[in-house]
Structures are given as structure tokens and as C-alpha cells.
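K.L.:
fold the following for me, if possible:
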Amino acid sequence: METSIPPETPATPPPYSPPPVILPSTPPKPPRKGRGWMILAIVLFALLVFSLMANFGQMVSGLSSLSPSNAGKAGPRLEEALLKNNDSHNKIAVIPIAGIITGNRIDGTSFNLVDVVKEELRRADEDNRVKAVVLKVDSPGGEVLASDEIARAIREFQEDTAKPVVASMGNLAASGGYYVSAPCRWIVANDMTITGSIGVIMSGLNYRGLMDKVGLTPNVYKSGKFKDMLSGSRKPEDIPPEEREMVQNLINEVYGKFTNVVVSGRSEAHKLNKSNGRALSDQWINNVDGRVLSGSQAYELGFVDELGGFDVAVDSARELAGISNANLVEYKQIIDFADIFRMFGKSEPKTLKVDLGIDIPKLKAGQPYFLSPVYLN
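P.N.:
Numbering: from 1, shown residues only. Got it, this is the predicted structure:
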């Protein structure tokens, strides 16, 4: 018996299923751009603004300097600052003389101490509300020429304006510090102030012995016998006596100028102050050999008129000016954008400064100084 095989049923294909859609969990973040270019752009923009402002300021100051009212008044730019408000219409201008008196430029400015003091006196002259000036001195002295220019400016200010200048001596007002005080109408010192040191000093180094030790021999060609005066490369025995005499005569001449400033200043002040002030003692000439004096010793010798501090000097200025009260003002030098760019543009060599706790003066060989030995030692 034959068995029949049923025909195969074609397989039914499975139902079509579309592939699964895979969705991204979080869209990718765009890469962050660096912000360095933004900082650079801001810095460049700021520099551009500063440059435009500086150029504009220079243009305005240049135009203003052409006006008749500002003719001949080029100098430090100052603004008045209130030191003490006493609710008064009157003013007393306070002018500080601090540190070494020198003709070198003040750090960060284009002017020196002499320029600034002269401009301060000019401002006090033109302001009718300023009735007197207090010169606040705390200085060991300094260069002969700078000290003499300040002293002359003070003397001319008093003569031209009839406004009294009162010197208020601080810790130290010696040599050139006293030189600038001598023309003042009234001098006030604390009893412990170091003052005096009336004299002149000029020094240099002789390094010929060191040169001989290392085997160096100088070759000097000169047009005259004294062309190498004060040279430190010569043997001391080779310095002619005539040269020593000439240098000493120069010192004596400058010293004579110093004593004349003291005598004329104190005599003129005593003539105006009459019995209220102090006249030079008969022993004054014996104490101008460079020795330092305390404030009380200077008072006894007539180098100062009164013992006291800054407040005493202010009271004396009020009395001499004939006023009952006054505001105290000071003139501050203005540093603007033009000054800042000038400082950045300097090509002067940079030096490394080490703070030793003292301010060492930069003395130049062969230049005379009104400088206290207390400061040098």
C-alpha cells in the first residue's frame, strides 16, 4: 500500500518589523572657544582709550599754555588738598621739604623738588585767601645749588607778597635743611630736633692703591696741569699743593655763602619780629663749624625763634599774618595719563633697589653738598 506524502506548504515569512530607532540621549555640546582673545581685545581696547585720552589731554594743555593767562607758567600740575578744615575763609599753605634736597627728578614725574616748591609758592602767591606759608622741613640737606634755589625762592616770595613763611623743623633740619629755613620769617624747632651742621662737604675716592694691587696703570692725556683735578686714579703724593688749595678755596667760598644766608636771614627776621623773635647770639660764629645742634641749643644761639612742634608753627603763622583762624591746605602734584605713558616710555636703565632700612644718598664725586654728617655716618 502506497503512502502518499502531502505536498509541502510554503513557509509563511514572518511579519516585517522596521529596525529600531536609536535616539541620542543628549545632543552633543559645541566645543567651547577659548577666552584669551576676549581678554586680549579688552586690554587693547583699554590701551587705545588711554592713548586717546592722553593725546587729548596733551592737546588741551598745549592749547591752554598758549593763552596769555598761562604764559610763563609751565611747571608741575598741582591741585589743592585740604589738610585741616577750620571753617575759615583764610588759608595757610603747608609746603613740605622732606628727604635729600636735590635737583634730580622726583620718581614718576618730570620735575624735581625745586620745580615743585617754586610752583607751590606761586600758587600761594596767586591765592588771596592764602595768608601765610608753613615750610615743613625734615631733611638732612643736599645739593648746594638746589638748596640755594629754594632759599632764594622763599626770600623772593616774602618780599613780593609780604606773606610770612614759618619754618617748622621736624626730626632733622640740618645743613641744607637749615639753609632753606634761614630766610624764613620765623623758625620753630622741637627741643630734640637735630639741626645746625652749617658747613660744606665735597668728597671723592682715591682708588690708585687698588689699581696698583691689580696691576692697572692709568694713561692720562690732558690739556692743562689741573685738568684731572679730583681724579681718584692719581697717587696722593702726586696731587700738587696748588690743587688742594684751589679746592679748599672753593669750599670756603661756598661756606661763606652759607653763613651770609644765615646772617642775612636771621637779621631780616629779627628786624621784622623785633623783640618777639630771637637774635643771633654773640657765640653763633663759634658754632658754624659743621657741628650738629639740638633744637634747644639752636634756640639759645638764636638760630631758631621758638621751641615747639608743627601746631606751634601754625599758631605762629596765624599771628604773623594777623588772622584768628585758617584752613590748612597742601598742594599735591597731579599724575595724569600722559605722565603714566611717559613713565612706560622711559629708556633709562633699570636698577635693583634693596631696602636696608635707610635711605642712602647718591652723592656725586667732586660736587659740594650741604649735608649733615649725622646722615652720612
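
K.L.:
endpoints of stretch 300-313, how far apart?
P.N.:
18 Å (C-alpha to C-alpha, to the nearest Å).

K.L.:
now what about that stretch, what contacts it?
P.N.:
134, 136, 166-170, 178, 186-191, 195-196, 262, 266, 269, 273, 276-281, 283-284, 287, 293, 295-296, 298-299, 316 (C-beta atoms under 8 Å, 6 or more residues apart in numbering). Placement of C-beta: from N, CA and C, glycine included.

K.L.:
so where is the stretch 101-250 of the chain shaky, pLDDT-wise?
P.N.:
108-109 (pLDDT under 70).

K.L.:
next, the contact list for Pro240, please.
P.N.:
So Pro240 contacts 225-226 (C-beta under 8 Å, 6+ apart).

K.L.:
from Gln333, how far out is the most centrally placed residue in the chain?
P.N.:
The residue lying closest to the centre of the chain (C-alpha atoms, centre = their mean) is Ile106, at 4.0 Å. For Ile106, the distance to Gln333 (C-beta to C-beta, to the nearest Å) stands at 8 Å.

K.L.:
can you list residues touching both of these two?
P.N.:
In contact with both Ile106 and Gln333: Val116, using C-beta under 8 Å, 6+ apart.

K.L.:
so which bits of the longest helix seen in the chain are buried?
P.N.:
Ranked by number of residues, the top helix in the chain under DSSP state H is helix 241-273. Within helix 241-273, the residues that qualify as buried are 243, 247, 254-255, 258, 261-262, 265-266, 268-270, 273, counting by 16 or more other C-beta atoms under 10 Å.

K.L.:
and if you look at stretch 80-89?
P.N.:
Buried residues in stretch 80-89 (16+ other C-beta under 10 Å): Ser88.

K.L.:
I would like the residues contacting it, please.
P.N.:
94, 123, 129, 323, 325-332.

K.L.:
please redo it, this time with the cut-off set to 10 Å
P.N.:
Outside stretch 80-89, the residues that touch it by C-beta atoms under 10 Å, 6 or more residues apart in numbering are 91-94, 123, 127, 129-131, 314, 318, 323-332.

K.L.:
end-to-end on stretch 124-132?
P.N.:
Using C-alpha to C-alpha, the two ends of stretch 124-132 sit 8 Å apart.

K.L.:
just stretch 219-231 next, same as before
P.N.:
12 Å.

K.L.:
now it, how far from the centre of its chain.
P.N.:
In terms of C-alpha atoms, centre = their mean, to the nearest Å, the centre of stretch 219-231 is found 36 Å from the chain centre.

K.L.:
check which helices and strands the longest helix of the chain sits against.
P.N.:
Using 3 or more C-beta pairs under 10 Å, 6 or more residues apart in numbering; DSSP states H and E, the elements in contact with helix 241-273 are helix 144-161, helix 176-179, strand 186-189, helix 310-321, strand 369-371.

K.L.:
circling back to that earlier point, got a quick ChimeraX command for the buried subset of the contacts of stretch 300-313?
P.N.:
Selecting the buried subset of these in ChimeraX, with 16+ other C-beta under 10 Å as the burial test, is done by:
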select :134,136,166,167,168,169,170,178,186,187,188,189,190,195,196,262,266,269,273,277,278,279,280,284,287,293,295,298,299,316
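
K.L.:
in JSON lines, list the helices and strands packed on helix 241-273 along with distance to Phe50.
P.N.:
What follows is the helices and strands packed on helix 241-273, written out as JSON lines (distance: least, C-beta to C-beta, whole Å):
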{"stretch": "helix 144-161", "distance to Phe50": "34"}
{"stretch": "helix 176-179", "distance to Phe50": "39"}
{"stretch": "strand 186-189", "distance to Phe50": "45"}
{"stretch": "helix 310-321", "distance to Phe50": "39"}
{"stretch": "strand 369-371", "distance to Phe50": "40"}
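
K.L.:
from the ones you listed, which stretch is densest packed?
P.N.:
helix 176-179 (a mean of 32; mean count of other C-beta atoms under 10 Å).

K.L.:
by contact count, what packs against that one?
P.N.:
strand 91-98, strand 130-139, strand 141-143, helix 144-161, strand 165-174, strand 194-196, helix 241-273, strand 369-371.

K.L.:
go through those and name the closest to Phe111.
P.N.:
Shortest distance between Phe111 and the helices and strands packed on helix 176-179, using C-beta to C-beta, is found for helix 144-161: 12.5 Å.
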